[in-house]
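Peer 1: for reference, the sequence and a predicted model appear below.
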Amino acid sequence: MAIERTLSIIKPDAVAKNVIGQIYSRFETAGLKIVAARMVQLSRAEAEGFYAVHSARPFFNDLVTFMISGPVMVSALEGDNAVLAHRDLMGATDPKKAEKGTIRADFADSIDANAVHGSDAVEAAAIEIAYFFPALSVYSR
Ligand code: UDP
C-alpha cells in the first residue's frame, strides 16, 4: 500500500451544518490521519485560483460564489491510498447518486452544495495541499 496525502475541504454547507467533527471521525475511522488543518474564509480570487481547472465550465461562477459563502475547513489527510480512500468516503459528486453511508449521501443537499472536496489524483493533491499549507505546516505522523 502506498502512503499518500490528499486535500480535503469541508465546504460552507457542511461547516454551517456543524458536522466537521462527524466528517473528521469518518476520516479517522477509515485510517486517514489529519496532518494539517485550517479554517479559511476564501476570497473570490482564492476560490477562483483553487478551481482554475474548472474555469471554462458553466457552473464555475456559481461554484466560486458558493465556496466563498462562508468559512471552509481545509485539511491534508495522510494514509494508505489516501486519494482513493478519501474519494470513497466522499461518494459521487451528485449526492442523489452517492452510495448510502457516504459523506455526500448523508450531508450534501445538491450537486453544487455537496459538502466536501477531495483531490482526484496524487499529483493534484500535491498542488492543492501546497495551495493552502506551507510544506513545514504539514506533519507526517
Ligand atoms: N459542480 C457543480 N455542478 C456540476 C458539476 C460540478 O456545481 O454540474 C461543482 C461541485 O461542487 C463539484 C465541483 O464543482 O464538487 C467540482 O466538480 P468535479 O467534477 O471535480 O467533482 P468532485 O471531484 O468534487 O466530485
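Peer 2: In hand now; what should we look at? The structure displayed is predicted, hence computed values, not measured ones.
Peer 1: quick one: the strands in the chain?
Peer 2: Ranges of strands in the chain, per DSSP state E, are 3-10, 33-40, 72-80, 116-118.
Peer 1: report the beta-bridge partners for the nearest residue to Val83 once chain neighbours are set aside.
Peer 2: Distances taken as Cβ to Cβ, 6 or more residues apart in numbering place Thr6 nearest to Val83, at 4.6 Å, with adjacent residues excluded. For the C-beta atoms, the positions are set from N, CA and C on the backbone; glycine is no exception. For Thr6, the beta-bridge partners are Leu77 (DSSP bridges).
Peer 1: nearest to the ligand, of the strands of the chain?
Peer 2: The ligand lies closest to strand 116-118 among these, at 5.4 Å (Cβ to the nearest ligand atom).
Peer 1: wait, does the closest one contact the ligand?
Peer 2: Yes - Strand 116-118 lies within reach of the ligand by Cβ under 6 Å from any ligand atom, at His117.
Peer 1: what strands line up against that strand, and which way round?
Peer 2: Those paired with strand 116-118 in the sheet (DSSP bridges) are strand 3-10 (antiparallel).
Peer 1: need the contact partners of the partner strand.
Peer 2: With contacts defined as Cβ atoms under 8 Å, 6 or more residues apart in numbering, strand 3-10 is touched by 19-20, 23, 27, 35, 72-83, 86, 115-119, 122, 125-126, 128-129, 131-132, 138.
Peer 1: any idea how far the nearest residue to Pro12 once chain neighbours are set aside lies from Phe60?
Peer 2: Taking Cβ to Cβ, 6+ apart, and ignoring the residues beside it in sequence, Pro12 has Gly70 as its nearest neighbour in space, at 3.7 Å. Distance of Gly70 to Phe60, computed by Cβ to Cβ, to the nearest Å: 19 Å.
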